[in-house]
Structures are given as C-alpha cells and as structure tokens.
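Novice: pasting the structure only:
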C-alpha cells in the first residue's frame, strides 16, 4: 500500500473523475524511498490463493492503436475477472 497516497472520502463511489485521473501520482523516486525493492524482479508478493498474478517484460515500444484494441478486447472478454492491473508502457509516438 502506498503510504503517500491521498485519501479521498466519498459516499456510494460518488467522486469526480478529475480527482482520480491525470494526477500524476506515480513517482518512481518517491516509491523507491519507501520501497527500495520495488524494481526487484525476485520480490515476493502475497495474495489470496484465489488471485493469480502474472507479469511480462517486453523490450521495445507498443503500437498505440494495437494496444488500445488489445486492452478493449481484454476488458470485454475478461473484465469481470480482472481484479487489478498496472504497468509501465512505452508507447510509440506518445
């Protein structure tokens, strides 16, 4: 859990998207200060046994349009089964 994350109160999930999106909250230098092993590929994670984790490391840049189509297909086909996803991507031309 990010100890520097801002806590926002809401009721019944009613909150302006502006409070959640585009806030540039991720700062690698700040993360490494409180979690020096953040980039360690051998770092252990604990999950509920019903949760499966996967990771990929791909060299190069993604094609923006193909990436959008893949994400859309993933959400449409498996969205109900996706608990959390995150990543750092290099998108060509962006």
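Specialist: That came in fine, so what should we check first? All values reported here derive from a predicted model rather than from experimental measurement.
Novice: residue 60 is in contact with residue 89, correct?
Specialist: No. Between residue 89 and residue 60 there is no contact under C-beta atoms under 8 Å: 10.7 Å. For the C-beta atoms, the positions are set from N, CA and C on the backbone; glycine is no exception.
Novice: ok, these two, which is more surrounded?
Specialist: residue 89 (10 against 6; other C-beta atoms under 10 Å).
Novice: in three-state terms, label that one for me.
Specialist: coil (DSSP: H, G, I helix; E, B strand; the rest coil).
Novice: which residues does it contact?
Specialist: 62, 67 (C-beta atoms under 8 Å, 6 or more residues apart in numbering).
Novice: any idea how far residue 44 is from it?
Specialist: Distance, residue 89 to residue 44, using C-beta to C-beta, to the nearest Å: 24 Å.
Novice: got it, and residue 75?
Specialist: 29 Å.
Novice: the more surrounded of those two?
Specialist: residue 75 (12 against 6).
Novice: quick check, the more buried one in contact with residue 85.
Specialist: No. Residue 75 lies out of contact with residue 85 (C-beta under 8 Å); the separation is 9.6 Å.
Novice: so the residue in the chain sticking out farthest from the centre bridges to which residues?
Specialist: What lies farthest from the middle of the chain is residue 11; by C-alpha atoms, centre = their mean that is 24.0 Å. Following DSSP bridges, residue 11 is listed with bridge partners residue 14.
Novice: can you give me the helices in the chain?
Specialist: Using DSSP state H, the helices of the chain run over 28-34, 64-78.
Novice: can you put the ones you listed in CSV and add distance to residue 17 and mean pLDDT?
Specialist: Shown next, in CSV, are the helices of the chain (distance: least, C-beta to C-beta, whole Å; pLDDT from 0 to 100):
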stretch, distance to residue 17, mean pLDDT
helix 28-34, 23, 85
helix 64-78, 17, 89
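Novice: tell me which of those lies nearest to residue 48.
Specialist: Proximity to residue 48 (C-beta to C-beta) singles out helix 64-78 among those, at 18.0 Å.
Novice: what comes into contact with the closest one?
Specialist: Taking C-beta under 8 Å, 6+ apart as the rule, helix 64-78 contacts 82, 89, 91, 92, 93, 94.
Novice: alright, I will stop here.
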